[in-house]
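Participant: Got a sequence here, can you model it:
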Amino acid sequence: MASKPKIKMAQWGTKHGHARSVCEVMLENDDVDLVGVYEADSARIESIKDDSVWSQVQFLSSERDILDNPDIICVASEGLNSESLNQSEAIIDSGKHLWYDKPAGDDYPQWERTVAKARANGQLIQMGFMFRESWAFEYVSEWTHSGALGEVFMVRAHMSTDVGVPMQEAISVHTGGILYDLGAHMLDQIVWLLGRPNKITSIMRREHSTVPNFADNTVAIYEFDKAMAILDIAAMEPKPMARRFEVYGTNGSAILGPFDPPEYLRLVLNEPAAGYPAGITNIPAQPYRRHIESLVRLIACIRGEREPDRSYDHDLLVQETLMRTVGKYDPDGTVTTSFSL
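Facilitator: You can find the predicted model right below:
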């Protein structure tokens, strides 16, 4: 049987927190021919060129080497959050598919425009929300959407981290601080389960950081018709972080944590459902590494072998919810955001 032609890809940017690992999985994937990486900052290239991953790639001299190359089918957008939306719109404008790391900038109308162009031209946008492909989150999604948990009334998400001053300074240019940087990962799950929040109340505080305008301790409450969700993210939790995701319904609960990588998943049911008995079921841990399955599914979508896991509308909703949470977008007057920086 003849082998399938490789998908020629490129990467624009190296400064996103996931840029190295995304590059690594493209290098490892036998279905990908990584043409090269473009990084505008020559000092950055000099600082990383001997790294075990970056030393394997060809650094391109211009973004035009990517955008004007008709053989490149898909591009990973891995610049800083302050760079990435402009990069991503240029990639879409060039007619290529987009693998875009989180979050989708902080200009929601520009993101709407970019998605509209991709939709009109049939271009794929796959967001770099790496927990979409996590076996544990897929179980929770199935139990929620199938009704196994009953009527869901509460979701709690905790995704704190520990970042130093250089990263804090890079993030501080964005309203919302650490919640802006990481929150979309959890909002991707929350709105997938519950839809668009009717009301959002958020608190952004600077507790320990010495970086002005950097919110390092954050919480947001999302209100839906018959449910609420609570998201809390801090920037100074000691490692290893106790990241947790919890869903509570009228027939049971699903508790996942830590989830990066998933260590345990506990299902509790009042009545049997989805092939599980009443009582407590502990789901054994399964292998998981960030970005690998995301790329596998993206390639399958490019080849027409599967449909995307999320729609354009879903990706718009995630970003709209993030922008509402940090007070950057409030089209219907349903957001209350408190800053103490």
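
Participant: tally of neighbours for residue 157?
Facilitator: Residues contacting residue 157 under the criterion other C-beta atoms under 10 Å number 24. The way it works is simple: take the backbone N, C-alpha and C, and place the C-beta from them, glycine included.

Participant: Once you drop chain neighbours, what's closest to it?
Facilitator: Computed as C-beta to C-beta, 6 or more residues apart in numbering, the closest residue to residue 157 that is not its neighbour in sequence is residue 186, at 4.0 Å.

Participant: Hmm, the one you found is touching residue 246, no?
Facilitator: No. Applying C-beta atoms under 8 Å as the test, residue 186 and residue 246 come out as separate, 11.3 Å apart.

Participant: So for those two, which residue has more residues nearby?
Facilitator: residue 186 (27 against 18).

Participant: for the helix or strand in which that one is found, packing partners?
Facilitator: Using DSSP states H and E, residue 186 sits within helix 177-194. Other helices and strands packing on helix 177-194, by 3 or more C-beta pairs under 8 Å, 6 or more residues apart in numbering; DSSP states H and E, are helix 135-146, strand 152-158, helix 165-171, strand 199-205, strand 217-223, strand 228-234, strand 244-249, helix 312-325.

Participant: Look up how far residue 33 lies from the residue nearest the centre of the chain.
Facilitator: In the chain, the C-alpha nearest the mean C-alpha coordinate belongs to residue 129, at 2.5 Å (C-alpha atoms, centre = their mean). Distance of residue 129 to residue 33, computed by C-beta to C-beta, to the nearest Å: 25 Å.

Participant: and stretch 311-321, which residues are buried?
Facilitator: 315, 316, 317, 318, 319, 320, 321 (16 or more other C-beta atoms under 10 Å).

Participant: residues making contact with that stretch?
Facilitator: Here stretch 311-321 makes contact (C-beta atoms under 8 Å, 6 or more residues apart in numbering) with 103-104, 108, 111-112, 115, 118-119, 125, 127, 129, 184, 187-188, 190-192, 195-197, 200, 222, 329.

Participant: List the buried residues in stretch 139-154.
Facilitator: For stretch 139-154, burial by neighbour count (16+ other C-beta under 10 Å) applies to 139, 140, 141, 143, 144, 148, 149, 150, 152.

Participant: ok, the first one to residue 228 distance?
Facilitator: Looking back up the chat, that one is residue 139. From residue 139 to residue 228 the distance is 22 Å (C-beta to C-beta).

Participant: Repeat that for the second one.
Facilitator: In this structure, residue 140 and residue 228 are separated by 17 Å, where distance is defined by C-beta to C-beta.

Participant: same check, this time on the fourth one
Facilitator: With the distance defined as C-beta to C-beta, residue 143 ends up 19 Å from residue 228.

Participant: Once you drop chain neighbours, what's closest to residue 149?
Facilitator: Spatial nearest neighbour of residue 149, excluding adjacent residues (C-beta to C-beta, 6+ apart): residue 249 at 3.2 Å.

Participant: Pretty sure the one you found sits against residue 151.
Facilitator: Yes. At 5.8 Å, residue 249 counts as touching residue 151 under the criterion of C-beta under 8 Å.

Participant: wait, what's in contact with residue 330?
Facilitator: Contacts for residue 330 (C-beta under 8 Å, 6+ apart) come out as residue 324.

Participant: low-scoring stretches of the protein, by residue?
Facilitator: 1-2 (pLDDT under 70).

Participant: Domain-wise, how is it divided?
Facilitator: 7-101, 131-291+320-340 (automatic domain parsing).

Participant: what distance separates the start and the end of the last one?
Facilitator: Using C-alpha to C-alpha, to the nearest Å, the end-to-end distance of domain 131-291+320-340 comes to 30 Å.

Participant: anything in contact with each of residue 186 and residue 246?
Facilitator: residue 157.

Participant: Now do stretch 293-310: everything it contacts.
Facilitator: Residues from elsewhere that reach stretch 293-310 (C-beta under 8 Å, 6+ apart): 4, 7, 25-26, 29, 31-32, 73-74, 97, 99, 124, 126-128, 130, 132-133, 188, 192.

Participant: what's the answer for stretch 120-127, then?
Facilitator: Stretch 120-127 has contacts (C-beta under 8 Å, 6+ apart) with 74, 92, 95-102, 104, 114-115, 117-118, 184, 188, 294, 297-298, 301-302, 308, 310, 312, 315, 318.

Participant: buried residues in that stretch?
Facilitator: In terms of neighbour count (16+ other C-beta under 10 Å), stretch 120-127 has its buried residues at 123, 124, 125, 126, 127.

Participant: Also stretch 301-312?
Facilitator: By neighbour count with 16+ other C-beta under 10 Å, stretch 301-312 contains the buried residues 301, 302, 308, 309, 310.

Participant: tell me the two of these that are most distant?
Facilitator: Greatest spatial distance among those (C-beta to C-beta): 302 and 310, at 15.5 Å.

Participant: For the nearest residue to residue 225 once chain neighbours are set aside, give me phi and psi.
Facilitator: Spatially, and ignoring its direct neighbours in sequence, residue 225 is nearest to residue 198 (6.8 Å; C-beta to C-beta, 6+ apart). Main-chain dihedrals, residue 198, degrees, to the nearest 10: phi -80, psi -30.
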